[in-house]
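A.B. asks: 3D model of this:
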Amino acid sequence: MTYITPQQAWIRSLKKEVTVLTLVFMGLQVLTNLFSVAVLAVFSGPLSAPAAAAAAPVGDRLALTQSLLLYFFMFALPIGFYFLITYRQPAGSYFKCGRPKFWYTVGGVFGVIAINYVASILSDAGDLLFHRAGLLDSAAVTYAITDDPINNLLVLFALVIFPAFMEEFAFRGIIAGRLGLYNKGMAVVVSALLFGLIHMTAEQIPFAVCAGLLLGYIYLKTQSIWSVVIMHAANNLVSYISMYWSARTGDAFLAERNFMILFACLFVVGFISLVVMAIRHRRTSRDPLPFGRALCAAVLHPAFLIVAGLCLGIAAAISALGIL
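C.D. replies: Take a look at the predicted model:
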């Protein structure tokens, strides 16, 4: 009879956890996006960069409602499946709904906006580089601010409310929460990687990974899902305000210039917040597994590698075809 050390038992348990979390949450997302890419490729064909840029933003009540419903089920189904599969595991041991810690939440809000600011600059530089190189630009789905208040409310839900709740409940509340039982640092990294991959576009993956690191850290530090929901919503609200500002002024260049000045000020505050959190960080608990071994067991797991490869393949297809 082979003796299994306590650490080996934890590693086996972690691998099972990674299998379930990765395949349930990412598998359904991959299948949905593969279907979307295939349908658009068949019916639209490869789009050139000018054609992609000319695609009209979503600004119709019916289209927005359909988008909201699809988005809701893309996250509600994996969450439901996960709880059906693991119904014997008490959710209270990892899904924390405590009161938000004020300074961590406020600092996190400015911190994630600072990350967004840097990502937007790098994204603009990347777009310019690809454009000059003659490569195709990817066309992200955009929403339109109109004179219809119902339309604008639906856009608010699509951009701010739904992503903040659904994505944080899935990636921080469940994925980071479950993996945090093994090693908190590994949980932050793996949940951030999955969070980035789920966006499946070349320009969004790097930002989502960096933002996911901060969101995961704040969730495990505060033990409050509401802290990261507020952070996520505040970050997305910045984009919504920018769109609304541009639509109302009628001068997109002037609105963008003024907004970037305000954005730069928020970046300074956010950078200071990140530095303060890094200096004040203290490790308060001992994890069952060391960080390096836990991280290797998670990211080198076949389920993780397969789904990550598929997500990156879809991102490459989206960029190459200029769709979605």
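
A.B. asks: Isn't A176 up against S191?
C.D. replies: Yes. The criterion here is C-beta atoms under 8 Å, and A176 meets it with S191 at 3.9 Å. The C-beta positions use only the backbone N, C-alpha and C, and glycine is treated the same way.

A.B. asks: any residues in contact with both of these two?
C.D. replies: G216 (C-beta atoms under 8 Å, 6 or more residues apart in numbering).

A.B. asks: can you list contacts of the strand or helix carrying Y82?
C.D. replies: Taking DSSP states H and E as the definition, Y82 sits inside helix 61-85. Residues outside helix 61-85 that contact it (C-beta under 8 Å, 6+ apart) are 20-21, 24-25, 28-29, 32, 58, 91, 141, 143, 148, 150-151, 154-155, 157-158, 162-163, 166-167, 169-170, 174.

A.B. asks: Could I have the buried ones of these as PyMOL selection syntax?
C.D. replies: Selecting the buried subset of the contacts of helix 61-85 in PyMOL, with 16 or more other C-beta atoms under 10 Å as the burial test, is done by:
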select buried, resi 20+21+24+25+28+29+58+91+143+151+154+155+157+158+162+163+166+167+169+170+174
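
A.B. asks: ok, back up a step: distance from the helix holding Y82 to the middle of the chain?
C.D. replies: The chain centre lies 15 Å from the centre of helix 61-85; the measure is C-alpha atoms, centre = their mean, to the nearest Å.

A.B. asks: Quick check: buried residues in it?
C.D. replies: By neighbour count on 16+ other C-beta under 10 Å, the buried set for helix 61-85 is 64, 67-68, 71, 74-75, 78-79, 81-82.

A.B. asks: what does stretch 88-105 give?
C.D. replies: Quick answer for stretch 88-105 (16+ other C-beta under 10 Å): 91, 94, 96, 100-101, 104-105.

A.B. asks: Could I get the residues you listed in JSON lines, plus columns for pLDDT, distance to N116 and secondary structure?
C.D. replies: Conversion of the buried residues of stretch 88-105 to JSON lines gives the following (pLDDT from 0 to 100; distance: C-beta to C-beta, whole Å; DSSP: H, G, I helix; E, B strand; the rest coil):
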{"residue": "A91", "pLDDT": "75", "distance to N116": "30", "secondary structure": "helix"}
{"residue": "Y94", "pLDDT": "86", "distance to N116": "28", "secondary structure": "coil"}
{"residue": "K96", "pLDDT": "88", "distance to N116": "25", "secondary structure": "coil"}
{"residue": "P100", "pLDDT": "91", "distance to N116": "20", "secondary structure": "coil"}
{"residue": "K101", "pLDDT": "90", "distance to N116": "22", "secondary structure": "coil"}
{"residue": "Y104", "pLDDT": "93", "distance to N116": "18", "secondary structure": "helix"}
{"residue": "T105", "pLDDT": "94", "distance to N116": "17", "secondary structure": "helix"}
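
A.B. asks: Same list (those) but as JSON lines, adding distance to F271.
C.D. replies: Shown next, in JSON lines, are the buried residues of stretch 88-105 (distance: C-beta to C-beta, whole Å):
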{"residue": "A91", "distance to F271": "36"}
{"residue": "Y94", "distance to F271": "31"}
{"residue": "K96", "distance to F271": "28"}
{"residue": "P100", "distance to F271": "22"}
{"residue": "K101", "distance to F271": "20"}
{"residue": "Y104", "distance to F271": "16"}
{"residue": "T105", "distance to F271": "17"}
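
A.B. asks: ok so, going back, which ones among the contacts of helix 61-85 map onto helices?
C.D. replies: 20-21, 28-29, 32, 150-151, 154-155, 162-163, 166-167 (DSSP state H).
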